[in-house]
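Colleague: have a look at this prediction, sequence included:
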Amino acid sequence: MGQTRPSSEEVSTERKLIDGKKYILLGDWEKAEAIFRSVLEDDVQNSAACYELSRTLAATGRYDDAINYIHKAIRIEPDNEWYLLMEADIREKSGDIPATMAMYDRLIALRPQQAHYYEMQISLCKKIDDKEKLLHVLDQYEQVKGVTESITRIRFETLDDMGRTAEAMGTLDKLASVYPSNMDYKFLAASYALKSGMDDHAREYYKQVLAMDPDNTKAKLALAGTEKKEGDDTGYLKSISAVITNPNVDIDLKLKELIPYVADFSDSGDTLLGHTLLDLSRQLTSTHPKEAKAYALQGDVSSILGMRKDAIAAYTQATSLNGGVYVVWEQLISLLIAQRSWDEVIRQAGLGMDNFPNQAYLYYASGLALYKTSQYSEAMDMLNDALLMTGKNVGQKVGIYNLLGLVYDEMGQLDKSSDAFETSLGIDPKNPETMAYYSLMLSRRITQSDKAVEMTQKVMSYSNLPMSIQETLAETLYNQKKYQEAYTAIMVVVQKDPYGDAYNLAGNMANKLGKTEEAVNFWKKALEQGCTDPDLKKKIADPRAQ
């Protein structure tokens with residue numbers, strides 16, 4: 001038998017639908033709408049026309065009307081996947097997420113093998129933070145796809161976020177069980193077990209890894225960490241020495257293990273822990289002599305221990321191997337400043353600028369060192385460059401203005417010096433460095449400066465002053481002929497951070513107080529430590545003539 005020929009009405013309707021779709025492609029929504037409505041006038045049960053009209057209305061933002069027509073299409077063909085998808089799309093665009101999710105429930109029931117519908121439902125659950133619904137969808141999805149990493153990850157994160165730790169752990173256990181040869185899953189489960197206080201559970205996973213790979217260093221380190229006795233950090237660190245000295249173990253793994261202990265040492269000041277870390281950091285640099293990060297760690301430990309020269313040497317080696325880590329430059333230069341190694345500050349700051357030409361601190365440090373070595377014009381240029389780079393860093397800006405004030409003072413430009421300090425005070429009226437340096441400048445020019453003494457006494461009321469400021473206060477008091485107060489102030493420096501210039505100043509003050517023998521001893525120490533005062537030897541030879 002031959003096929004039944006379509007009626008003229010059916011042919012006409014089909015042509016109209018085709019024409020309407022053409023207008024949709026052309027973006028002529030008005031003509032498309034008119035054509036689809038004309039089809040429905042002739043055939044109210046034409047589901048295709050209802051679908052296309054709904055599509056057209058949605059495209060022009062008329063979501064309520066669009067919903068009405070897609071509902072008509074679905075009533076005619078309730079299992080038409082495209083119609084259900086259209087309603088889901090319209091619902092989502094109109095912001096009705098619960099209704100959108102209801103449509104995806106229908107789509108999942110209609111096409112349970114279609115992964116995209118589960119993915120959409122998962123995304124919608126996250127959008128409205130419906131965690132219980134999300135877990136239900138994941139159960140459905142897992143029945144279709146089985147246990148996968150992506151499903152497990154979402155389930156785990158959801159359960160963990162809900163505080164359901166045991167269930168979250170069970171999710172990772174299931175993943176590790178389904179894929180027993182995947183060590184990454186075992187490490188993931190072990191890590192969460194440790195985080196959740198399930199040390200025994202974590203140990204079992206690390207043992208499983210070692211059963212598969214007896215030389216797995218990551219598992220060895222982790223297992224050793226779980227078996228560490230409470231509070232026995234040094235014992236544990238000594239136990240991993242063999243790992244630290246193994247060149248085949250990745251340095252990043254070693255650093256990951258050591259860095260938390262360095263942070264603990266920085267907080268606690270436990271010297272036994274510090275020296276244990278120092279031994280390991282030396283082993284690390286010996287094992288990885290071309291790794292800048294190994295020397296940076298050694299520098300950190302040495303610096304916390306107060307071993308300034310060793311820290312400087314380590315940081316210097318780190319920057320020579322890799323000059324691209326700014327924080328190491330800053331640590332190195334700050335230690336050189338603390339050691340008053342001014343020529344080396346100038347050199348290293350210059351090298352730092354080659355790598356980081358826009359870091360104001362490097363220019364400030366160079367300006368400070370140039371000032372300390374009496375290169376005032378060069379210091380001025382460097383500090384003006386630094387000032388251009390400070391941006392919104394208020395503390396940095398104040399420090400630069402303070403140093404400019406001292407440089408202007410040395411160059412005899414007293415008005416500019418005062419302006420610089422007043423600018424600093426305008427930014428931060430209580431800054432101890434500003435008041436200390438301003439007082440010093442005034443004390444050099446005015447024998448009895450009430451303002452200098454007042455600011456000095458105000459700063460001395462502060463606690464935990466840096467030794468550089470303490471020394472400045474002592475010099476100011478000395479210039480104001482307050483010798484006993486000056487002597488008391490400088491003795492703090494001599495006891496905590498002695499160096500040549502501080503000893504020289506202490507000698508001057510002791511001599512003014514009639515402590516001649518003590519003054520000579522201070523001057524001798526100043527000479528031994530490289531003080532460049534041209535009158536130092538004369539003072540030692542004839543203290544009473546001073």
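Modeller: Yep, that arrived. Predicted, not measured: the structure shown is a model, and the values here were computed from it.
Colleague: format the CA atom coordinates belonging to the helix or strand containing Ala193 as CSV.
Modeller: In this assignment (DSSP states H and E), Ala193 forms part of helix 183-195. The C-alpha coordinates for helix 183-195 follow below in CSV (Å, rounded to 0.1, in the frame of the first residue of the first chain):
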residue,chain,number,x,y,z
MET,A,183,47.0,6.2,46.0
ASP,A,184,45.7,9.8,45.5
TYR,A,185,42.4,8.8,46.9
LYS,A,186,44.0,7.1,49.9
PHE,A,187,46.0,10.3,50.6
LEU,A,188,42.9,12.4,50.3
ALA,A,189,41.0,10.2,52.8
ALA,A,190,44.0,10.2,55.2
SER,A,191,44.3,13.9,55.0
TYR,A,192,40.7,14.4,56.0
ALA,A,193,41.0,11.8,58.7
LEU,A,194,43.9,13.7,60.2
LYS,A,195,42.1,17.0,60.0
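Colleague: list the helices and strands it packs on?
Modeller: helix 149-161, helix 165-178, helix 199-212, helix 217-226 (3 or more C-beta pairs under 8 Å, 6 or more residues apart in numbering; DSSP states H and E). Backbone N, C-alpha and C define where each C-beta goes, glycine included.
Colleague: now do the second one against helix 149-161, angle only.
Modeller: It stands for helix 165-178. Orientation check (axes from the mean of the first three to the mean of the last three C-alpha atoms, to 10 degrees): helix 165-178 against helix 149-161 gives 160 degrees.
Colleague: tilt between helix 165-178 and helix 183-195?
Modeller: Using the same axes, to 10 degrees, helix 165-178 lies at 160 degrees relative to helix 183-195.
Colleague: what angle sits between helix 165-178 and helix 199-212?
Modeller: Using the same axes, to 10 degrees: helix 165-178 against helix 199-212 is 10 degrees.
Colleague: return the set of buried residues in helix 165-178.
Modeller: For helix 165-178, burial by neighbour count (16 or more other C-beta atoms under 10 Å) applies to 165, 168-169, 171-176.
Colleague: contact partners of the host helix or strand of Thr423?
Modeller: Using DSSP H and E, the element containing Thr423 is helix 414-427. Residues from elsewhere that reach helix 414-427 (C-beta atoms under 8 Å, 6 or more residues apart in numbering): 394, 397-398, 401-402, 404-406, 408-409, 431, 434-435, 437-438, 441, 445.
Colleague: averaging pLDDT per element, find the lowest-scoring helix or strand in the chain.
Modeller: helix 217-226 (a mean of 78; mean pLDDT, DSSP states H and E).
Colleague: just the residues contacting that one, thanks.
Modeller: By C-beta under 8 Å, 6+ apart, the list of residues contacting helix 217-226 reads 187, 190, 194, 199, 202-203, 206-207, 209-210, 213, 236, 239-240, 243, 246, 249, 253, 257.
Colleague: can you rerun that using 6 Å?
Modeller: Contacting residues not belonging to helix 217-226 are listed as 199, 202-203, 206, 209-210, 239-240, 243, 249, 253, 257 [C-beta atoms under 6 Å, 6 or more residues apart in numbering].
Colleague: what's the angle from it to helix 199-212?
Modeller: Here helix 217-226 points in a direction 150 degrees away from that of helix 199-212 (the same axes, to 10 degrees).
Colleague: which regions of the stretch 101-250 of the chain sit below the pLDDT cut-off?
Modeller: For the stretch 101-250 of the chain, the stretches flagged by pLDDT under 70 are 227-231.
Colleague: same check on the chain?
Modeller: Within the chain, the ranges that satisfy pLDDT under 70 run 1-6, 8, 227-231, 546.
Colleague: the stretch 401-546 of the chain: helices as residue ranges?
Modeller: Per DSSP state H, counting those that start in this stretch, the stretch 401-546 of the chain carries helices over the ranges 414-427, 432-445, 450-460, 467-479, 483-496, 500-512, 516-528, 536-541.
Colleague: out of those, the one nearest Phe265 is which?
Modeller: Nearest of those to Phe265, taken as C-beta to C-beta: helix 483-496 at 21.2 Å.
Colleague: list the buried ones in that closest one?
Modeller: Using 16+ other C-beta under 10 Å as the test for burial, helix 483-496 gives 483, 485-487, 489-494.
Colleague: hmm, back to that, list the buried residues in the helix holding Thr423.
Modeller: 416-418, 420-421, 423-425.
Colleague: could you check the angle helix 450-460 makes with it?
Modeller: For helix 414-427 against helix 450-460, the angle by the same axes, to 10 degrees is 40 degrees.
Colleague: chain center to helix 414-427: distance?
Modeller: Offset of helix 414-427 from its chain centre (C-alpha atoms, centre = their mean, to the nearest Å): 35 Å.
Colleague: for that helix, list the C-alpha coordinates in PDB.
Modeller: Coordinates of each C-alpha in helix 414-427 appear next as PDB, following Å, rounded to 0.1, in the frame of the first residue of the first chain:
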ATOM      1  CA  LEU A 414      66.900  73.300  57.700                       C
ATOM      2  CA  ASP A 415      63.500  74.600  56.500                       C
ATOM      3  CA  LYS A 416      63.100  71.500  54.200                       C
ATOM      4  CA  SER A 417      64.200  69.300  57.000                       C
ATOM      5  CA  SER A 418      61.500  70.700  59.300                       C
ATOM      6  CA  ASP A 419      58.900  70.500  56.500                       C
ATOM      7  CA  ALA A 420      59.700  66.800  56.000                       C
ATOM      8  CA  PHE A 421      59.200  66.000  59.700                       C
ATOM      9  CA  GLU A 422      56.100  68.200  59.900                       C
ATOM     10  CA  THR A 423      54.700  66.300  56.900                       C
ATOM     11  CA  SER A 424      55.300  63.000  58.700                       C
ATOM     12  CA  LEU A 425      53.600  64.200  61.900                       C
ATOM     13  CA  GLY A 426      50.700  65.400  59.800                       C
ATOM     14  CA  ILE A 427      50.300  61.800  58.500                       C
END
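Colleague: lovely, talk soon.
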